[in-house]
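1. Make a model of this:
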Amino acid sequence: MNVSIRNNDEFIRLGQALKKAGIVGSGSDAKAVILNGEVKVNGSTEERRGKKLYPGDTISFNGEVFQITE
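-> Prediction:
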């Protein structure tokens, strides 16, 4: 399933994107799933909650794919 995460700024941080997509409910939840290696950005496991994401980047979590859009 492909889901878009709309962002009006130049970039969005990974933790914020996870919250905006409804994947997690809080920053601490985002930190936990990221540190557990459950989140991939553009196909690679990402361990930085503050990773900057730009339009076109994708997040994969639990079999779902989310794309950052403008």
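
2. contacts, neighbours, all on C-alpha from now
-> OK.

3. Off-centre distance for the helix ranked longest in the chain?
-> For the chain, the helix reaching the highest residue count under DSSP state H is reported as helix 27-35. Remark: helix 27-35 is offset 11 Å from the chain centroid, using C-alpha atoms, centre = their mean, to the nearest Å.

4. ranges for the strands of the chain?
-> Ranges of strands in the chain, per DSSP state E, are 2-6, 12-13, 39-41, 44-45, 52-53, 58-61, 64-69.

5. and those, which one is worst for confidence?
-> Between these, the one with the least mean pLDDT is strand 2-6; it has a mean of 68.

6. Number of residues surrounding residue 12?
-> 21 (other C-alpha atoms under 10 Å).

7. Would you agree it is in contact with residue 53?
-> Yes - with contacts counted by C-alpha atoms under 8 Å, residue 12 reaches residue 53, the gap being 5.2 Å.

8. one step back: okay if I get the strands of the chain as TSV plus distance to residue 21?
-> Shown next, in TSV, are the strands of the chain (distance: least, C-alpha to C-alpha, whole Å):
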stretch	distance to residue 21
strand 2-6	6
strand 12-13	12
strand 39-41	13
strand 44-45	18
strand 52-53	13
strand 58-61	10
strand 64-69	8
